[in-house]
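Q: Got a sequence here, can you model it:
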Amino acid sequence: MELSIDRLTKHYGSKIAVDCVSAELTAGVYGLLGANGAGKTTLMRMLCAILESTSGEVFFNGEEVTGMGAAYRDVLGYLPQDFGYYPNYTAGEFLAYIAALKGIPRPIAQRRIRQLLSALGLQDAAGKRMRTFSGGMKQRVGIAQALLNDPQVLILDEPTAGLDPKERVHLRNLLADYAGDRIVILSTHIVSDVEAIADQVLLMRNGRFILRGTVPELVRQAEGKVWELTVPEGQAREWEDHFTVANFRHEGDRVVLRIISEGRPAEQAVPCRATMEDLYLCYFGQEA
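A: Below is the predicted model of the structure:
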């Protein structure tokens, strides 16, 4: 199974949202990281054949996806950043409606809906109207609708938004298991989610992939750029004015700063082991 992205580009007038992006994706979890405005959502919408590209193509198993039409939609699951729903529908009714739109036979749909509601911890809410749901519950229904047709390509835009830590861990485990023989692409601002389950991470800036690799491969690029520095409390903000500070930790009347810097920021600074969040800040600290 392969999803091939060939020089995919999207212009909005003079603005370039996605700039000649290419990649070959096979089974596994791909994490897409980038600051707001990097082009992640635009790219995902083109991968879903919802948004027409200015140039370039997307192929699934060698066949161009826009030409596949319904055959591509049959193998695709998509959760947009803000998915629409009907507030007066129950969770079960809404999923049955989406299943009908996807052309899933009713007996198969009913079985699949029961499975997904159980897997996502929503079995007790199946008969409740969605207008009464919390943000996390609505998000889990959105994930369920993306999984209804057991897609071979699953594309999720900010899937963990609104989920509490326990729900996030449960979803991560679900996706990691699901991706055994499928392609899962997820975009999120929660770096720890990508760090936990992504087989490959793609960093995107200004519409381009600027870095790609496994989590250990990428984290190694931040080694030697992460430092801890202890300063008097009154000086902490001054350091933030001159460096990317990943974290503040108070210890009595002093503050321990975690600083991202190409060189040692001060003689007394101590090198630290890098994390994926440090790598993210190395590239996007100024945007953050």
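Q: Other residues contacting the helix or strand T41 falls within?
A: Per DSSP states H and E, T41 falls inside helix 40-47. For helix 40-47, the external contacting residues (CB atoms under 8 Å, 6 or more residues apart in numbering) are 3, 5, 8, 10, 17-18, 21, 32, 34, 51-53, 58, 65, 78, 80-81, 153, 155, 157, 185, 187, 204, 207. In this view, the C-beta of every residue, glycine as well, is placed from N, C-alpha and C.
Q: Out of these, which end up buried?
A: 3, 5, 8, 10, 17-18, 21, 32, 34, 53, 58, 65, 78, 80, 153, 155, 157, 185, 187, 204, 207 (16 or more other CB atoms under 10 Å).
Q: ok, residues contacting whichever helix or strand W239 is part of?
A: Under the criterion of DSSP H and E, W239 resides in helix 236-242. For helix 236-242, contacts defined as CB under 8 Å, 6+ apart pick out 229, 231, 245, 248, 255, 257, 259, 265.
Q: Quick check: of those residues, which has the highest neighbour count?
A: I259 (24 neighbours; other CB atoms under 10 Å).
Q: who touches it in this structure?
A: 226-229, 239, 243-246, 265, 269.
Q: what is it paired to in the beta sheet?
A: W227, V245 (DSSP bridges).
Q: same question, R249
A: Beta-bridge partners of R249, as defined by DSSP bridges: V256.
Q: burial of it, as a residue count?
A: So R249, with other CB under 10 Å, has 11 neighbours.
Q: roughly how far apart are the residue nearest the centre of the chain and G34?
A: Per CA atoms, centre = their mean, the C-alpha nearest to the average position across the chain is that of S187, at 1.9 Å. According to CB to CB, to the nearest Å, S187 and G34 sit 8 Å apart.
Q: for T9, same thing?
A: 17 Å.
Q: ok now do C20, which residues does it touch?
A: Taking CB under 8 Å, 6+ apart, one finds 7-9, 56, 208 in contact with C20.
Q: nearest to R111, of those?
A: L8 (36.4 Å; CB to CB).
Q: other SSEs contacting the host helix or strand of the closest one?
A: Assigned by DSSP H and E, L8 falls within strand 3-12. When contacts are defined as 3 or more CB pairs under 8 Å, 6 or more residues apart in numbering; DSSP states H and E, strand 3-12 packs onto strand 15-25, helix 40-47, strand 55-60.
Q: where does this structure dip in pLDDT?
A: 286-288 (pLDDT under 70).
Q: All the strands of it, residue numbers only.
A: 3-12, 15-25, 28-33, 55-60, 63-64, 76-79, 153-157, 183-187, 200-205, 208-213, 226-232, 244-251, 254-260, 270-271 (DSSP state E).
Q: among those strands, which is nearest G127?
A: strand 76-79 (22.9 Å).
Q: Starting from that closest one, tell me which strands it pairs with and how they run.
A: Applying DSSP bridges, you get strand 153-157 (parallel) as the partners of strand 76-79.
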